[in-house]
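A.B. asks: this one's structure only:
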Ligand SMILES: C[S@@+](CC[C@H](N)C(=O)[O-])C[C@H]1O[C@@H](n2cnc3c(N)ncnc32)[C@H](O)[C@@H]1O
């Protein structure tokens, strides 16, 4: 199996073209949360975007006036992030193509919020550098806010080391936003079910692997081998699924106290994620997805979902 770095480098050209349901919904909801709950007026603040990829969140914070540095281990993604500066319009904040009406709707909401909260600010483009989350080159207490999103921490072999580094470079009282792949969601059912329906869900899982979920203590994280991308040509990646309990505990150990929690793909994940990953979903699938997505918007955001988002402060 290729390394995380190689796999992400290989997908650089297509990374921003979110024609699948999974990522377009995930990032629409996440970016709205950032605009709504995190971004505030008077942001001369310094943000470190860890595992920035092609810079979705880096550009969002920049559009709101923050001074942003993005780091990542995949140089090809960093190149795209740097090139984006030539086409990015901070007034429009379109971070990826609007293939679905919900992407357009969330972009409109985000623009409205930024206009109201920020008004006219001096836009400073983000800067991007090669950097490993487990060994950050910046000084202690250098940043006011840490963003580590797009499930980055789920790909990092030593997540506790990465958390300790985040805590180190964050100022006391500084804030953080992290999202990870969550263990307890409907995918777990699909894991168990897939071998029983002879792999029709294309999760390529053995019964033994499925049962690993149940065998481990409820609060323990778990590593899985997950097939990303198209059904007939998936890219297998090792992924850590976190429990809320263990991630909160690991964060608190380094003085990072969680204040808000919310989930994405809580109900939409009633459809197995291998279907939602398709780059050309059928009309029927899109309709069903949109129906579930509408319901998900109405549900309390703290219900368990496939993506766990945690926001908090450094308290010591
Ligand atoms: C799914 S992408 C998310 C990228 C971006 N945050 C976004 O929301 O689009 C995960 C990113 O984590 C990066 N990554 C994985 N391991 C890393 C590490 N140890 N240090 C820094 N970045 C890492 C990958 O290269 C990839 O860009």
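C.D. replies: Perfect, thanks for sending it. Just so it is clear, the structure is predicted and the values come from calculations on it, not from any experiment.

A.B. asks: Now do the strands in the chain.
C.D. replies: 46-50, 67-72, 127-130, 143-148, 170-181, 222-228, 235-241, 256-264, 307-314 (DSSP state E).

A.B. asks: looking at those strands, which one has the lowest mean pLDDT?
C.D. replies: Lowest mean pLDDT of these: strand 222-228, a mean of 79.

A.B. asks: How many residues are close by the closest residue to residue 272 other than its chain neighbours?
C.D. replies: Excluding the flanking residues, the one nearest residue 272 by CB to CB, 6 or more residues apart in numbering is residue 190, at 4.3 Å. Glycine gets a C-beta too; all of them are placed from N, C-alpha and C. Residues near residue 190, counting by other CB atoms under 10 Å, number 22.

A.B. asks: quick one: contacts for residue 85?
C.D. replies: Going by CB atoms under 8 Å, 6 or more residues apart in numbering, residue 85 touches 125-126.

A.B. asks: quick one: it and the ligand, what's the gap?
C.D. replies: Distance, residue 85 to the ligand, by CB to the nearest ligand atom, to the nearest Å: 16 Å.

A.B. asks: just the strands of the chain: most buried one?
C.D. replies: The highest mean neighbour count among the strands of the chain, using mean count of other CB atoms under 10 Å, belongs to strand 46-50: a mean of 26.

A.B. asks: elements contacting it?
C.D. replies: helix 56-63, strand 67-72, strand 143-148, helix 159-169 (3 or more CB pairs under 8 Å, 6 or more residues apart in numbering; DSSP states H and E).

A.B. asks: let's see 10 Å
C.D. replies: Contacting strand 46-50 under the criterion 3 or more CB pairs under 10 Å, 6 or more residues apart in numbering; DSSP states H and E are the following elements: helix 56-63, strand 67-72, strand 143-148, helix 152-155, helix 159-169, strand 170-181.

A.B. asks: partner strands of it, parallel or antiparallel?
C.D. replies: Sheet pairing for strand 46-50, assigned by DSSP bridges, gives strand 67-72 (parallel), strand 143-148 (parallel).
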